[in-house]
Structure formats: structure tokens, C-alpha cells
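# I'll drop the sequence and a predicted model, then ask my questions.
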Amino acid sequence: MSRTTLSGSCLCGAVTYEATGEPGRFYHCHCSRCRKATGTGHASNLFLQPGSLTWLTGRDQVREFKVPGAKRFTNQFCGICGGRLPRQPEGSDTVLIPAGSLDSEAPIQPQARIFIDSRAGWSCSGDAIAAYPGYAPSQA
């Protein structure tokens, strides 16, 4: 896959961004943190690596909540509407994009459901993509 530039925004449109990089992973995460952060059965996250994130508008509205004690989990969102936004951990070349924030189609399809053992009983399942009880094998 080659480098691509993706654009997106929050629900109210106050925050817009561009992310450039190589789309490598696209997962539906069923962990309890992702379910609580989205209010849905899973989070759909696209990872660009190497990647870079640029805020086009509304950088001053970007808020962040890091779960105390969590090694990886941070929720980045618009301070006006609460819409989830991408994040790039400090010192990292990985950009995590909540796929629903994209303003166009994702360049790749979801590859797996992760943390499927945490899936809520009412949440979707049964499609043809792989499912893992924790991280996908390439992330272990």
C-alpha cells in the first residue's frame, strides 16, 4: 500500500484534520474502554504508520482524556460536540483515526475484530473478518 492523505472532521465541523501515511491496520475493537468511549458496540480505528497528523481548523477545541493507569488508551475529541478525533501519541509515527471521523471512504477495509471476548452480547458480529480475544497477532 502507498502513502495516502485522508481528511476528516468532528460532528459539528469545528475541528478538521489531515492525516498522511500508509494505511496498515483497520480494526473493530470490542474492549470495554472503546465501547464506553463510543457508546456503541465497538470502535472502528484505522492506523496509519508511518503517519503524520495536521490540524487544519479548530486545534484549540481538541480535548483529550487519558484513562488513569492505561498504557495505550486515550480518547481525543472535540470540546464543542464531543465527536471523536484522531490522535498521534507523542514521539510516535502512528496515527490512530476513528474511522467514523473520515470525510470520505477509508482506503482499506476492516481486517479484524479485536478484544472479541469483551464484546457486548448485543453487539454486531458474524461477518467474515478474523476475530481475536485480545490484540491481533501482529500487535501482541
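Ah, there it is. These figures come from a predicted structure and were not determined experimentally. Numbering: from 1, shown residues only.
# strands of the protein, residue ranges please.
Taking DSSP state E as the criterion, the chain contains strands spanning 4-9, 16-29, 43-57, 62-66, 74-78, 95-98, 112-114, 130-131.
# starting at the chain centroid, how far to the second one?
Strand 16-29 sits 7 Å away from the centroid of its parent chain (Cα atoms, centre = their mean, to the nearest Å).
# tell me the strands beside it, with direction?
Using DSSP bridges, strand 16-29 pairs in its sheet with strand 4-9 (antiparallel), strand 43-57 (antiparallel), strand 112-114 (parallel).
# look up which residues are beta-bridged to Ser7.
Glu18.
# in this structure, where is pLDDT below threshold?
1, 126-127, 139-140 (pLDDT under 70).
# quick revisit: tell me which of the strands of the chain is the most buried.
strand 95-98 (a mean of 24; mean count of other Cβ atoms under 10 Å). Bear in mind the C-beta positions are built from the backbone N, C-alpha and C, glycine included.
# show me what that strand is packed up against.
With contacts taken as 3 or more Cβ pairs under 8 Å, 6 or more residues apart in numbering; DSSP states H and E, strand 95-98 sits against strand 16-29, strand 43-57.
# and these as TSV, adding distance to Arg119?
As requested, the helices and strands packed on strand 95-98 are exported to TSV (distance: least, Cβ to Cβ, whole Å):
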stretch	distance to Arg119
strand 16-29	9
strand 43-57	12
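# quick revisit: adding distance to Pro23, write the strands paired with strand 16-29 out as CSV.
Below are the strands paired with strand 16-29 laid out as CSV (distance: least, Cβ to Cβ, whole Å):
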stretch, distance to Pro23
strand 4-9, 6
strand 43-57, 6
strand 112-114, 14
